[in-house]
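Participant: Provide a 3D model corresponding to the input given below.
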Amino acid sequence: MDLLRSLPIGLYLEQPVTWLHRIDPRVKLAWLMTFLVAPLLANPYWRLSLLGLLVILTISAAIPLRVWRQQMGWLLILSVLVFLISAIAPDGLAVKSQPRLPELCFNAKQELITPQLTPSAELECNSYLPQPTSYKYVLVETTAIKFLPKITITRRSLDVAIRISTLVFTLIYSTNLYLLTTAPEEITAGLEDLMSPLKALKIPVTEIALTLTLALRFIPLVLEEVQNLVRSVRTRAINWQELGIRRSAKVWLIVAEKILENLLMRAEQIAIAMDVRGFTTPNEHQVQWHQLRLRWRDWLVLASLIPFWLARLTFGGIS
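Facilitator: Numbering: from 1, shown residues only. Have a look, this model is predicted:
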């Protein structure tokens, strides 16, 4: 088990370098915010189109199949499960349909009959009354089987299922695609540049960027410590059934304590390394990891936000 390579979410793809890698991180951050905001109050068709746009971006960037299949596979399974559960769940509308009492109705032979004010005649009349449209609120309705309950899918439950499942996929995968094609140093450099106007309000922008850089660099260390301790537990071939619940919990408590101790030791080592190198303040020891400069392709991608939002306001709707 290698958590540093098998973890499907939040990894940075160093090779191959795609056209998404070459886009300025500030431009990609603007598009990320667009993908996070655009589904809000949008109709289901627009939400589904966002899913298609994300898939097109992934394919056009020529990201290896093994990478995006691993990253998109579990997310698709999660979205499909959310869709199915939301579709068959109650729609939340406690509406009881009342039978109509038409003045005129027809029988099975389409002959005009006079309705009687009795329940049986009323039901007979309503059952043969021709409907003006093909509209149905209940789309799917199955009878209860021996081991399965009655399943009812209405228009509202289907709409809610599409909204929730597409929102889960869009929010997670757009963020993951951003992390996949943007190095941690580029993210912090872009955020620091975008937050530079806040320096006028005495906000420590450089300290925030440095803290974010250290946090992103600390994530692989956390995964490495967890991986090493899990391997050490496996090599001891512990019989968990003989230990029981109480002793097993005690073992995992010891493992968690060891993980915390190792992480604090790693943090102390980083602090000592910065102190030895004469680090005092981020402003005096600021390292420019990347030169942020907007090129023609960045301006082209940034300008494409205009037709995107025009299409959102025109076809996305408000619901």
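Participant: counting neighbours, what do you get for residue 207?
Facilitator: 12 (other CB atoms under 10 Å). All C-beta atoms are positioned from the backbone trio N, CA, C, and that covers glycine.
Participant: what's the answer for residue 225, then?
Facilitator: 19.
Participant: quick check: closest non-adjacent residue to it.
Facilitator: In space, and not counting its chain neighbours, residue 225 is closest to residue 262: 4.8 Å by CB to CB, 6 or more residues apart in numbering.
Participant: so that neighbour: helix, strand or coil?
Facilitator: Taken by DSSP: H, G, I helix; E, B strand; the rest coil, the conformation at residue 262 corresponds to helix.
Participant: I'd say it and residue 226 touch.
Facilitator: No - using CB atoms under 8 Å, residue 262 is not in contact with residue 226; the gap is 9.5 Å.
Participant: which residues do the two both contact?
Facilitator: With CB atoms under 8 Å, 6 or more residues apart in numbering applied, the contact sets of residue 262 and residue 226 do not overlap.
Participant: this protein: strands as residue ranges?
Facilitator: 105-106, 112-113, 138-141, 152-154 (DSSP state E).
Participant: just for the protein, where's the confidence low?
Facilitator: 1-10, 71, 92-132, 144-148, 280-290, 319 (pLDDT under 70).
Participant: and it, what are its domains?
Facilitator: 105-155, 206-289 (automatic domain parsing).
Participant: quick one: the residue nearest the centre of the chain from residue 26, how far?
Facilitator: Taking CA atoms, centre = their mean, the centroid of the chain lies closest to residue 172, which sits 2.4 Å from it. Per CB to CB, to the nearest Å, residue 172 is found 22 Å from residue 26.
Participant: hang on, the earlier thing: and the nearest residue to the residue nearest to the centre of the chain once chain neighbours are set aside, how many residues sit next to it?
Facilitator: The shortest distance from residue 172 to any non-neighbouring residue, by CB to CB, 6+ apart, is to residue 75 (5.7 Å). Neighbour count of residue 75, defined by other CB under 10 Å: 16.
Participant: I'd say residue 75 and residue 174 touch.
Facilitator: No - the pair residue 75 / residue 174 is not scored as a contact, 11.0 Å apart, by CB under 8 Å.
Participant: residues contacting residue 38?
Facilitator: By CB under 8 Å, 6+ apart, residue 38 lies in contact with 46, 50, 308, 309, 312, 316.
Participant: show the buried residues in these.
Facilitator: 46, 50, 312, 316 (16 or more other CB atoms under 10 Å).
Participant: and the nearest residue to the first one once chain neighbours are set aside, what does it touch?
Facilitator: In space, residue 46 comes closest to residue 316 once its chain neighbours are excluded; the distance is 4.0 Å by CB to CB, 6+ apart. Residues counted as contacts of residue 316 (CB under 8 Å, 6+ apart) are 38, 42, 43, 46.
Participant: for residue 204, state which of these is nearest.
Facilitator: Closest to residue 204 out of these is residue 38 (32.1 Å), distances taken as CB to CB.
Participant: quick check: the closest one vs residue 310, distance?
Facilitator: Counting by CB to CB, the gap from residue 38 to residue 310 is 12 Å.
Participant: same check, this time on residue 167
Facilitator: 22 Å.
Participant: and the buried ones among the contacts of residue 38 as a markdown table, adding distance to residue 232?
Facilitator: A markdown table is the format used below for the buried ones among the contacts of residue 38 (distance: CB to CB, whole Å):
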| residue | distance to residue 232 |
| --- | --- |
| 46 | 50 |
| 50 | 44 |
| 312 | 52 |
| 316 | 52 |
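Participant: now flag whichever of those residues is closest to residue 272.
Facilitator: residue 50 (46.7 Å).
Participant: residue 170 is in contact with the closest one, correct?
Facilitator: Yes - contact between residue 50 and residue 170 holds when scored by CB under 8 Å: they sit 5.3 Å apart.
Participant: what is in contact with those two at once?
Facilitator: 35, 39.
Participant: which phi and psi does residue 293 have?
Facilitator: Here is the backbone geometry of residue 293 (degrees, to the nearest 10): phi -150, psi 130.
Participant: ok, it - how many residues close by?
Facilitator: Other residues lying near residue 293 total 7 when counted by other CB under 10 Å.
Participant: can you check the one 4 residues further on too?
Facilitator: For residue 297, the neighbour count with other CB under 10 Å is 13.
Participant: residues touching it, list them.
Facilitator: Contacts of residue 297 by CB under 8 Å, 6+ apart are 19, 22, 23.
Participant: any idea how far residue 23 is from it?
Facilitator: Taking CB to CB as the measure, residue 297 and residue 23 are separated by 7 Å.
Participant: same thing with residue 78?
Facilitator: 28 Å.
Participant: again, but for residue 29
Facilitator: Applying CB to CB to residue 29 and residue 23 gives a distance of 10 Å.
Participant: neighbour count: the two, which is higher?
Facilitator: Applying other CB under 10 Å to residue 29 and residue 23 shows that residue 23 carries more neighbours, namely 22 against 17.
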